[in-house]
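Enquirer: Just a sequence and a predicted model for now, questions to come.
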Amino acid sequence: MGHVEIGHLTYVLPDGRPLLDDVSFRIGEGVKAALVGPNGAGKTTLMRLIAGDLQPVEGTVAHSGGLGVMRQFIGSIRDGRTVHDLLLSVAPVRVREAAARLDAAELVMMERDDEKAQMRYAQAITDYTDAGGYDIEVLWDTCTMAALGVPYDRCKYREVNTLSGGEQKRLVLEALLRGPDQTLLLDEPDNYLDVPGKLWLEQALRETPKTVLLVSHDRQLLANAADRIVTVESGNIWVHGGGFATYAEARKERNERLDELRRRWDEEHAKLKRLVVMLKNKATYNDGMASAYHAAQTRLRKFEEAGPPELAPKDQLINMRLRGGRTGKRAVICESLELTGLMKPFDLEVWYGERVAVLGSNGSGKSHFLRLVAGEAVRHTGVARLGARVVPGHFAQTHSRPELLKRTPCEIVMTEHAKLKNEAMKALARYELAGGIAEQRFETLSGGQQARLQILLLELSGATLLLLDEPTDNLDLASAEALQAGLDAFDGTVLAVTHDRWFAADFDRFLVFGADGRVYEAPEPVWDETRVVRPR
């Protein structure tokens, strides 16, 4: 069994801004704890500190039982990386190190096949065996069968970028949950999973004896799987010992209590300052009051040195102004459309103003469909075209926007939308992306901040058709609610791929990519379409 313990941890961002200030908490053996809080509050940074990717300014990080880590963007890896590489990246350290030595020995053998190279290769094989490398490959076979439907030997050289986001997540989760590490850090493990996948994850988390600290914004998953809620807000951390069902009320009561303590502190502070001023005035003409004056000064100094109680965190104020515009009556027209190898031909008409949720299992072609409608080159037969005055705006599932890298939100808005700096900052402020965030490079933003920036760019682009590929996956609760309000006010058409049960409830139509390759409409959301494994 494993545990995680944080003691008086402080972390300062590279630009000098404090992110976490003297925080402490413990996750005991077998506990399933959820790490929640606003986008950018430091959830992923805290996970990286525990994983050892970052070092704190002060404080300690301890864990036991071996540490397995799922990072937020497991798909954002270099081109050409394979399924084998992905599985190896979440293997125990001994296996990873032995595999690296084996790879190096194989390269030497390819260059020169002499006795020294052979001996080195033989030793590397022995080390890999002793580290459990071949044993874990047997485990990986079980994982690839469960996640991809094929044996490990048949898919180990397949490039990761050919897997859907959900397939990548499921594969890594299978490896971690079945692996030897007893403490798991899972950063948004439910992102890109279809609902059957989320139900599997909820059950797996309930059943595993491992200690788990996870980041998630899926309220249903939090309610079903987490028995502790660890909140990161305003540089501080507090732990709710109950589940998510009682979390909102507990947070409200805590904030009210903090407000009351701060009010009392301010009143006492003002009272002490008035007392010091009064005694100072009296001491100027009455020497007998000097000792009382100095005693009051000492009391005030100690009171101020002790400091005020923690401030209650402010609620986020996000205002998305998705305007859109009038288009032709038919916004999207599909005639005998088939995405090669993914679905059977289907017809579809989407009318101006409709909200269409695109549902179905991972790997069924939903993201490809949105990319095709957005104007990207996707292999298909049949027709997919847009109506008059329809301007598509595409929100990408994996946030892979290479054109935004090494640029700040302020630069992006100013350059791409001809905004003056004060105009850009006002727009960013509505999305809680102003201040220091506006000057950070895109790749250093949290997943939720990247998502909010993408939505802002859609707003500024003048799009009349929003093509949203799982837009709520990285958004915190306040941001997701702001997106819902923005879409309610949007004068245009929306097609959204989603596995978010709460988000989908507000849509008009439900286009389901079925397990059998059939695309059909349903009167209500359909969540039980499970993927049919096809030979690869």
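Expert: Alright, I've got the coordinates. Numbers count the residues shown, from 1 in each chain.

Enquirer: Now the nearest residue to residue 304 once chain neighbours are set aside: which helix or strand?
Expert: Nearest residue to residue 304, sequence neighbours excluded (Cβ to Cβ, 6 or more residues apart in numbering): residue 269, at 7.4 Å. All C-beta atoms are positioned from the backbone trio N, CA, C, and that covers glycine. Using DSSP states H and E, residue 269 sits within helix 247-285.

Enquirer: Counting neighbours, which bits of that helix end up buried?
Expert: For helix 247-285, a neighbour-count test (16 or more other Cβ atoms under 10 Å) marks 247, 251, 254, 255, 258, 272, 275, 276, 279, 283 as buried.

Enquirer: For the third one, give me its contacts.
Expert: Looking back up the chat, that one is residue 254. Counting by Cβ atoms under 8 Å, 6 or more residues apart in numbering, residue 254 touches 238, 312.

Enquirer: mind saving the C-alpha coords of the helix or strand following the helix holding residue 269 as PDB?
Expert: Next in sequence after helix 247-285, counting helices and strands by DSSP H and E, comes helix 290-306. This file holds the C-alpha atoms of helix 290-306, laid out as PDB (Å, rounded to 0.1, in the frame of the first residue of the first chain):
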ATOM      1  CA  ALA A 290       3.700  55.900  28.900                       C
ATOM      2  CA  SER A 291       3.800  52.300  30.100                       C
ATOM      3  CA  ALA A 292       0.200  51.600  28.900                       C
ATOM      4  CA  TYR A 293       1.100  53.200  25.500                       C
ATOM      5  CA  HIS A 294       4.200  50.900  25.100                       C
ATOM      6  CA  ALA A 295       2.200  47.900  26.200                       C
ATOM      7  CA  ALA A 296      -0.500  48.700  23.600                       C
ATOM      8  CA  GLN A 297       2.200  49.100  20.900                       C
ATOM      9  CA  THR A 298       3.700  45.700  21.800                       C
ATOM     10  CA  ARG A 299       0.200  44.100  21.700                       C
ATOM     11  CA  LEU A 300      -0.500  45.700  18.200                       C
ATOM     12  CA  ARG A 301       2.900  44.600  16.900                       C
ATOM     13  CA  LYS A 302       2.400  41.000  18.000                       C
ATOM     14  CA  PHE A 303      -1.100  41.000  16.600                       C
ATOM     15  CA  GLU A 304       0.100  42.200  13.200                       C
ATOM     16  CA  GLU A 305       3.000  39.800  13.200                       C
ATOM     17  CA  ALA A 306       0.700  36.800  13.800                       C
END
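
Enquirer: Check which helices and strands helix 290-306 sits against.
Expert: Judged by 3 or more Cβ pairs under 8 Å, 6 or more residues apart in numbering; DSSP states H and E, the packing partners of helix 290-306 are helix 247-285.

Enquirer: can you give me the angle the helix it packs on makes with helix 290-306?
Expert: Here helix 247-285 runs at an angle of 160 degrees relative to helix 290-306 (axes from the mean of the first three to the mean of the last three Cα atoms, to 10 degrees).

Enquirer: residues contacting residue 448?
Expert: 38, 39, 40, 217, 474, 475, 476, 479.

Enquirer: cutoff 6 Å now
Expert: Counting by Cβ atoms under 6 Å, 6 or more residues apart in numbering, residue 448 makes contact with 39, 474, 475, 476, 479.

Enquirer: Against residue 474, how distant is it?
Expert: Here residue 448 is placed at a distance of 5 Å from residue 474 (Cβ to Cβ, to the nearest Å).

Enquirer: same thing with residue 410?
Expert: 21 Å.

Enquirer: Quick check: the gap between the nearest residue to residue 242 once chain neighbours are set aside and residue 36.
Expert: Excluding the flanking residues, the one nearest residue 242 by Cβ to Cβ, 6+ apart is residue 250, at 6.8 Å. From residue 250 across to residue 36, the span is 12 Å (Cβ to Cβ).

Enquirer: follow-up on the earlier one: could you report the pLDDT at the residue nearest to residue 242?
Expert: Confidence at residue 250, expressed as pLDDT, is 93.

Enquirer: And for residue 344?
Expert: Confidence at residue 344, expressed as pLDDT, is 92.

Enquirer: what does residue 194 give?
Expert: The model's pLDDT for residue 194 equals 80.

Enquirer: For the residue nearest to residue 193 when sequence neighbours are not counted, give me phi and psi.
Expert: Once flanking residues are discounted, residue 193 sits nearest to residue 166: 5.0 Å by Cβ to Cβ, 6+ apart. With angles defined as degrees, to the nearest 10, residue 166 sits at phi -70, psi -40.

Enquirer: Distance-wise, check residue 166 relative to residue 159.
Expert: 17 Å.

Enquirer: Mind checking which of those two has more residues around it?
Expert: Taking other Cβ atoms under 10 Å, residue 166 and residue 159 do not tie; residue 166 has more neighbours (25 against 13).

Enquirer: give the contact list for the more buried one.
Expert: Counting by Cβ under 6 Å, 6+ apart, the residues that residue 166 touches are 192, 193, 194, 197, 362.

Enquirer: Show me which of these is closest to residue 13.
Expert: Proximity of the contacts of residue 166 to residue 13 (Cβ to Cβ) peaks at residue 192, which lies at 27.9 Å.

Enquirer: That closest one sits in which helix or strand?
Expert: With DSSP H and E as the criterion, the answer for residue 192 is that it lies in no helix or strand.

Enquirer: That one is in contact with residue 169, isn't it?
Expert: Yes: counting by Cβ atoms under 6 Å, residue 169 is a contact partner of residue 192 at 5.4 Å.

Enquirer: Who are the contact partners of residue 192?
Expert: 165, 166, 169.

Enquirer: Which residue comes closest to it once chain neighbours are left out?
Expert: residue 165 (3.2 Å).
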